[in-house]
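**Student:** just the structure for this:
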Amino acid sequence: MEIRKPQPAYQQVYDYLFKQIIEGDLSPGVKLSEERLAAELNISRTPIREAIIRLEHEGLLRNKSVVQFTPKEIKDSYEIRILLEGHAAKVAATQMSQQDKDFLRTLMEQSHTADFESVMKTNTLFHNAIVRSCGNDQITQLIDRMQSIILLCRKDIVKNRAELPHEHHEIYEAILRGDGEAAEQLMQAHLQQNLQNFLDSLPDDSRLSMI
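**Tutor:** Residues are numbered from 1 along each chain as shown. A predicted model of the protein is given here:
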């Protein structure tokens with residue numbers, strides 16, 4: 001990675017490490033070394049330390065190691081997310097601003113790109129816009145606290161589920177016509193399929209441990 005002058009060094013290091021974690025280049029359990037990263041990136045340890053602190057705050061690192069969630073932690077978080085985002089979609093359908101509706105339409109148009117990083121970004125923005133539009137700060141904060149699990153699962157879901165753009169479009173259409181019940185049901189079904197995709201990828205002994 002080449003450090004660019006106009007942007008703060010810690011932000012560039014953060015972006016670099018964030019991308020490596022989300023895309024799986026840094027595997028769960030890997031411990032980051034400030035010394036090694038400083039030598040690799042040819043910068044001081046201070047911006048690296050700042051980036052690591054931010055990643056730990058966001059839940060992607062624990063004690064400088066890439067977070068490794070248990071299958072049960074992921075399943076439990078998704079069950080909560082299904083309830084919260086389903087409700088958020090229902091409320092958003094009745095009160096989402098025209099500006100946010102236009103934003104969702106733009107995301108729909110961008111969702112067919114072949115670029116993995118762009119698809120990840122539009123996916124995250126789509127869900128966050130709906131949660132934000134429900135106007136419930138408690139729901140927003142709870143979803144924010146689950147972002148590390150959501151992002152780490154999302155990278156595999158984006159790679160494995162070609163149905164995502166179609167499902168997002170159905171949710172968008174329900175919100176656009178103000179059909180809260182349909183928006184809730186479609187969001188819950190969408191997230192349930194994402195969870196099922198994760199569960200199907202687990203070895204049999206891991207599934208048994210969650211019963």
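
**Student:** buried stuff in the lengthiest helix in the chain?
**Tutor:** Selection of the longest helix in the chain by residue count, based on DSSP state H, yields helix 71-95. By neighbour count on 16 or more other Cβ atoms under 10 Å, the buried set for helix 71-95 is 71, 74-75, 77-78, 81-82, 84-93. From N, CA and C alone the C-beta is placed, and that goes for glycine too.

**Student:** also stretch 161-170?
**Tutor:** Arg161, Leu164, Pro165, Glu167, His168, Glu170.

**Student:** now stretch 18-26
**Tutor:** Neighbour-count burial for stretch 18-26 [16+ other Cβ under 10 Å]: Phe18, Gln20, Ile21, Ile22, Leu26.

**Student:** next one, pLDDT for the closest residue to the last one other than its chain neighbours please.
**Tutor:** Closest residue to Leu26 apart from its sequence neighbours, by Cβ to Cβ, 6 or more residues apart in numbering: Gln20 at 4.5 Å. At Gln20, the model reports a pLDDT of 90.

**Student:** what do you get for Ser206?
**Tutor:** pLDDT, Ser206: 56.

**Student:** show me what the longest helix of the chain packs onto, helices and strands only.
**Tutor:** Counting contacts by 3 or more Cβ pairs under 8 Å, 6 or more residues apart in numbering; DSSP states H and E, helix 71-95 is packed against helix 116-133, helix 137-145, helix 147-160, helix 164-176, helix 180-200.

**Student:** let me know the angle separating it from helix 164-176.
**Tutor:** With axes from the mean of the first three to the mean of the last three Cα atoms, to 10 degrees defining the directions, helix 71-95 sits at 40 degrees from helix 164-176.

**Student:** what about helix 71-95, average pLDDT?
**Tutor:** 95.

**Student:** so for the helix or strand that that helix is followed by, what gets flagged as buried?
**Tutor:** Downstream of helix 71-95, the first helix or strand assigned by DSSP states H and E is helix 98-110. Using 16+ other Cβ under 10 Å as the burial criterion, the residues of helix 98-110 that qualify are Asp100, Lys101, Phe103, Leu104, Leu107, Met108, Gln110.

**Student:** just the closest of the buried residues of stretch 161-170 to Glu181, please.
**Tutor:** Lowest distance from Glu181 to the buried residues of stretch 161-170 (Cβ to Cβ) belongs to Glu170, with 13.4 Å.

**Student:** give me the pLDDT for the spatially closest residue to the closest one that is not a sequence neighbour.
**Tutor:** Nearest residue to Glu170, sequence neighbours excluded (Cβ to Cβ, 6+ apart): Leu186, at 5.1 Å. Leu186 carries a pLDDT value of 98.

**Student:** check contacts around Lys159.
**Tutor:** Lys159 makes contact with Phe116 under the criterion Cβ atoms under 8 Å, 6 or more residues apart in numbering.

**Student:** how about Leu191?
**Tutor:** Tyr78, Arg81, Ile82, Glu85, Gly86.
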